[in-house]
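**Q** Next one to model:
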Amino acid sequence: MQALILNAAGEPDVYDEVVPDCGEDEVLVQIRACVLTRRDMDLYTGVQSQQNGLSGRLGQGLTGIVEYRGSKVTSVTPGDRVLVCRTDAGFAEYLSLPAHQVVALPDGISYEEGAIALRLSSVIYGIDQAQVEDKTVFISGAGSTGLLCAQVARLSGASNIIISDLHALRLRRAIDLAADTGINASTEDVNRRILDETGGQGVEVSIECTSEEASFRQCEACLRPHGMLVMLGAMRGLLTIDMHDWAARSLRLTMGREQTQDTRSLVERGLKLVEIGAVRLRPLLTHVFPLHRAREAFDLIHKDPNRTVKVALTQDSDPRTPH
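**A** Take a look at the predicted model:
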């Protein structure tokens with residue numbers, strides 16, 4: 001079988017591997033699609049090295065078809081379309097994993113769209129923690145996580161959604177999907193715009209989606225007293241907080257990443273929202289490449305990020321660019 005792995009030269013490459021065995025409590029899934037993530041790009045650009053036992057495999061949000069099930073598995077049958085609820089496997093033609101780590105992928109959701117849906121677990125968890133109903137929300141970053149946040153926040157009753165990003169394409173999609181105001185951080189003073197939009201008060205909830213320290217600082221700066229900052233980005237390094245300032249303003253910090261045992265139920269919630277059309281995934285999917293053109297996909301994200309939101313890889317032979 002084929003697997004997408006970062007080679008010794010630091011480039012994405014396709015390798016042949018042995019099809020894994022399937023245990024009695026496991027399912028063997030033929031993987032059809034994945035999406036490329038921040039971690040994948042960090043490995044590709046050398047920002048993050050392979051360490052702490054991390055797999056060299058690339059890609060997350062795996063979707064596919066159940067090829068075989070173990071003798072003790074009754075929850076799925078061969079031929080079922082599924083989404084894999086784990087982030088450490090990487091894209092390979094076949095994957096063997098415990099049956100409880102897959103959820104049914106509704107027929108109306110493509111494999112490529114389904115690959116994005118895995119991120120809904122953390123988004124829904126983070127929005128739940130923030131209790132955004134009737135509140136003004138600022139989202140820093142209009143990538144796939146930020147665009148999902150905007151939609152889920154709107155469904156959860158947020159009264160005003162402000163989002164910022166460096167790229168105009170992403171901001172346009174944010175406005176089309178759910179946001180009330182888009183701020184281009186490359187040309188505008190984000191904090192000043194937020195204050196203008198909120199009558200000088202700031203926001204009640206800010207959500208960090210970029211994993212950048214500057215974004216975190218913006219999120220804390222724009223909070224009004226008693227505000228909450230939700231961390232959905234994964235910071236690369238240590239981050240300091242001025243506790244005197246936070247105490248003076250009675251600010252709160254919550255982490256948006258759910259525990260592993262909660263991922264499955266949160267993904268199922270997210271897929272139901274997608275199935276009924278309450279959350280849209282297609283606008284987030286800007287490009288789809290076949291596996292053998294993986295390097296082209298990585299280069300596109302790295303060199304021309306204004307053209308991309310989420311890029312998928314598939315086992316299909318023909319690339320497609322959604323409109």
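**Q** List the contacts of the residue sitting nearest the centre point of the chain.
**A** The centroid of the chain falls nearest to Arg119 when counting by Cα atoms, centre = their mean (3.9 Å). Contact analysis of Arg119 by Cβ atoms under 8 Å, 6 or more residues apart in numbering lists Gly61, Ser144, Thr145, Leu148. (Each C-beta comes from the backbone N, C-alpha and C, glycine too.)
**Q** Out of those residues, grab the one that's most surrounded.
**A** Highest neighbour count within the contacts of Arg119, by other Cβ atoms under 10 Å: Leu148, with 29 neighbours.
**Q** got a pLDDT number for Pro322?
**A** Predicted confidence (pLDDT) for Pro322: 48.
**Q** meant to ask about Leu6
**A** 88.
**Q** Angles on the backbone of it, please.
**A** phi -80, psi 120 (degrees, to the nearest 10).
**Q** for the one 5 residues further on, same thing?
**A** Backbone torsions of Glu11, given as degrees, to the nearest 10, read phi -120, psi 150.
**Q** Against Gly90, how distant is it?
**A** Going from Glu11 to Gly90 by Cβ to Cβ, to the nearest Å gives 15 Å.
**Q** other SSEs contacting the longest helix belonging to the chain?
**A** When the chain is parsed with DSSP state H, its longest helix is helix 260-275. Secondary-structure packing of helix 260-275 (3 or more Cβ pairs under 8 Å, 6 or more residues apart in numbering; DSSP states H and E): strand 102-104, helix 111-117, helix 120-130.
**Q** just so I have it, where are all the helices in the protein?
**A** Secondary structure of the chain (DSSP H): helices at 38-45, 111-117, 120-130, 144-155, 168-177, 190-197, 213-221, 243-249, 260-275, 294-303.
**Q** name the helices or strands packed onto the fifth one?
**A** What that stands for is helix 168-177. Using 3+ Cβ pairs under 8 Å, 6+ apart, helix 168-177 sits against helix 144-155, strand 160-165, strand 181-184.
**Q** who's in contact with the last one?
**A** In this structure, residues lying in contact with strand 181-184 by Cβ under 8 Å, 6+ apart are 142, 160-166, 168, 171-172, 174-175, 190, 193-194, 197.
**Q** and with 7 Å instead?
**A** Taking contacts as Cβ atoms under 7 Å, 6 or more residues apart in numbering, the residues outside strand 181-184 that touch it are Ile162, Ile163, Ser164, Ala168, Leu171, Ala174, Ile175, Val190, Arg193, Glu197.
**Q** Dump the helices and strands packed on helix 260-275 into CSV; add distance to Val19, mean pLDDT and mean neighbour count as well.
**A** Converted to CSV, the helices and strands packed on helix 260-275 look like this (distance: least, Cβ to Cβ, whole Å; pLDDT from 0 to 100; neighbours: other Cβ atoms under 10 Å):
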stretch, distance to Val19, mean pLDDT, mean neighbour count
strand 102-104, 17, 97, 21
helix 111-117, 20, 97, 27
helix 120-130, 28, 97, 24
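**Q** what sits against Ile161?
**A** Ile161 sits next to Val137, Ile139, Ala150, Ala153, Arg154, Ala178, Ala179, Asp180 when contact means Cβ under 7 Å, 6+ apart.
**Q** Excluding sequence neighbours, find me the nearest residue to it.
**A** In space, and not counting its chain neighbours, Ile161 is closest to Ala179: 4.7 Å by Cβ to Cβ, 6 or more residues apart in numbering.
**Q** Run through the residues that contact the nearest residue to Leu148 once chain neighbours are set aside.
**A** Using Cβ to Cβ, 6+ apart and skipping residues adjacent in sequence, the residue nearest Leu148 is Val123, 4.5 Å away. Applying Cβ under 7 Å, 6+ apart to Val123 gives the contacts Thr145, Leu148, Cys149, Val152, Leu232.
**Q** low pLDDT regions in the stretch 51-200 of the chain?
**A** By pLDDT under 70, the low-scoring segments of the stretch 51-200 of the chain are 51-55.
**Q** Using a markdown table, lay out the helices and strands packed on helix 168-177 together with distance to Ser206.
**A** Below are these laid out as a markdown table (distance: least, Cβ to Cβ, whole Å):
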| stretch | distance to Ser206 |
| --- | --- |
| helix 144-155 | 11 |
| strand 160-165 | 9 |
| strand 181-184 | 13 |
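**Q** Go through those and name the closest to Asp80.
**A** helix 144-155 (24.8 Å; Cβ to Cβ).
**Q** ok so, going back, from the contacts of Arg119, which single one is nearest Val274?
**A** Using Cβ to Cβ, these come closest to Val274 at Leu148, 10.0 Å.
**Q** What separation do you get for that closest one and Ala117?
**A** When Leu148 is compared with Ala117 (using Cβ to Cβ), they lie 9 Å apart.
**Q** Out of the contacts of strand 181-184, which end up buried?
**A** Ile162, Ile163, Ser164, Leu171, Ala174, Val190, Arg193, Glu197 (16 or more other Cβ atoms under 10 Å).
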